[in-house]
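show me the folded form of this:
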Amino acid sequence: MGTTQLESVPEPKYWHLKTVLSDALDQDFAVGEVLPNERELAARFGVARATLRQALEQLELEGRLQRRRGVGTTVAPPRVGVAVGSAQQGWPGEGADGWEAVDAVETVPAAAVLGVLGTAADEPVHTVRRTRVTQGQAVAAELLYVPAASVPGLSAIDAPAGPARARAVMRELQRLPLEGQDRSVELGSARADDAKELDRLPGAPVLLVTTRYFTAAGTAAVSVATYRADTCRLTFGDSGVEITETRAAS
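As a prediction, the model looks like this:
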C-alpha cells in the first residue's frame, strides 16, 4: 500500500480516503488478508484516526471489508446478490424461508414492541428466536413476538422447549388467515447480544427490520430482525423495499 498524503480535496476527506483504500484493496491485498492496524494506516495516509474509521466503516457497509472479533479487519470476498424477501406474503416459518428456529420462551417485550402488538404488559407473549445462516456464518438474528391470544391452541406438553417449541408456536400462528403485513427498515448499531450472535463488534452497523403481521382481528405477531449490514443491502423496486443478502461468489 502506498503512502499517498491527502491534502486539500473538494470532497470530504474520509470519502476520498475510502476511494484510495478501495483501489488499494483491489491492487495490493488478497481476499481474507488482514489489514494493518488503524495507527499504521492513519500514519501512512496522513489522516486522523477518526477520519480513517469513517472510511473503514463506509467500506464495511459496502461489503468490501469485514471486521471480525479477535481477528481484525479483513478483505471481504467478491459478492453477488441473493434474494431474501419476495413480493409474496406469508407467515414466518412457511416453506423454506432460510431461517433456523432456536427456541421460544414467554417474555415481556420492550414497551415499543408492546405498543406495536397492542398488548398490555401483563399479557403473555411468546418470543421465538431464529437465526439465518449462510455458508456456515450467521448473517441475521430474529425475535418473533407472538401474543398468547394469537395461538390459543398451543400446548406446552407437545413441545416444552427449544427449537421444537419455536416451531410449534409458528405452526399455530400459520393456522390464522393472514390479511397482510407491513415492514420498516432502519440502520442501527449492534447491541452486545446481537454482536455476539452475529460475530460482530458491539456498535457495528446493522439493518433493523420490523415486520408486523396482521389478521382481520388486528396485529397477530411482530418480527424484529437484525441483519449484518456488511452482508445485506436494500433494494427499492416496484414491489417496495427488498432485502438482499450478499454471499461470496463461487
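
so Gly93 sits right up against Arg167, yeah?
Yes - with contact defined as C-beta atoms under 8 Å, Gly93 reaches Arg167; the gap is 6.8 Å. For every residue, glycine as well, the C-beta is placed using N, CA and C.

intersection of neighbour lists for those two?
The contact sets of Gly93 and Arg167 overlap at Ala101 (C-beta atoms under 8 Å, 6 or more residues apart in numbering).

which residues in this structure form helices?
Taking DSSP state H as the test, the helices found in the chain are 13-28, 38-45, 49-61, 111-117, 162-173, 192-197.

ok, which of these comes nearest Tyr213?
helix 162-173 (7.9 Å; C-beta to C-beta).

starting at the chain centroid, how far to stretch 97-116?
Distance of stretch 97-116 from the chain centroid (C-alpha atoms, centre = their mean, to the nearest Å) equals 15 Å.

no, scratch that, I was asking about stretch 127-141
9 Å.

so which bits of it are buried?
Buried positions in stretch 127-141, judged by neighbour count with 16 or more other C-beta atoms under 10 Å: 127-132, 134, 138-141.

just the CA trace of that stretch, in PDB.
Taking only C-alpha atoms (Å, rounded to 0.1, in the frame of the first residue of the first chain), the coordinates of stretch 127-141 have been written out as PDB:
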ATOM      1  CA  THR A 127     -40.800 -14.800  21.900                       C
ATOM      2  CA  VAL A 128     -39.400 -17.000  19.200                       C
ATOM      3  CA  ARG A 129     -35.700 -16.700  18.400                       C
ATOM      4  CA  ARG A 130     -34.400 -17.600  15.000                       C
ATOM      5  CA  THR A 131     -31.100 -17.200  13.100                       C
ATOM      6  CA  ARG A 132     -30.300 -17.000   9.400                       C
ATOM      7  CA  VAL A 133     -27.100 -18.800   8.400                       C
ATOM      8  CA  THR A 134     -25.300 -18.600   5.100                       C
ATOM      9  CA  GLN A 135     -22.200 -20.800   4.300                       C
ATOM     10  CA  GLY A 136     -21.800 -21.500   8.000                       C
ATOM     11  CA  GLN A 137     -22.000 -17.800   9.000                       C
ATOM     12  CA  ALA A 138     -24.800 -16.200  11.000                       C
ATOM     13  CA  VAL A 139     -25.900 -13.200   9.000                       C
ATOM     14  CA  ALA A 140     -29.200 -12.300  10.800                       C
ATOM     15  CA  ALA A 141     -30.900 -12.800  14.100                       C
END
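
show me what contacts the residue lying closest to Asp230 once chain neighbours are set aside?
Sequence neighbours aside, Glu60 is the residue nearest to Asp230 in space, at 5.1 Å (criterion: C-beta to C-beta, 6 or more residues apart in numbering). With contact set as C-beta under 8 Å, 6+ apart, Glu60 has these partners: 66-67, 73, 204-205, 229-230.

measure Glu62 to Arg49 for me?
Applying C-beta to C-beta, to the nearest Å, the value for Glu62 to Arg49 is 20 Å.

what do you get for Ala168?
From Ala168 to Arg49 the distance is 50 Å (C-beta to C-beta).

repeat for Pro160
On the measure of C-beta to C-beta, Pro160 and Arg49 end up 51 Å apart.

ok, now Phe29?
Between Phe29 and Arg49 the distance is 20 Å, computed by C-beta to C-beta.

looking at the two, which has the bigger crowd around it?
For Phe29 and Arg49, the more surrounded residue by other C-beta atoms under 10 Å is Phe29, and the numbers stand at 16 against 13.

in stretch 109-128, which residues are buried?
Neighbour count says stretch 109-128 has 109, 113-114, 116-117, 119, 125-128 buried, by 16+ other C-beta under 10 Å.

just to revisit the earlier point, include distance to Arg44 when you put the contacts of Glu60 into CSV, please.
Below are the contacts of Glu60 laid out as CSV (distance: C-beta to C-beta, whole Å):
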residue, distance to Arg44
Gln66, 21
Arg67, 19
Thr73, 14
Ala204, 24
Pro205, 25
Ala229, 26
Asp230, 23
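
no further queries at this time; thank you.
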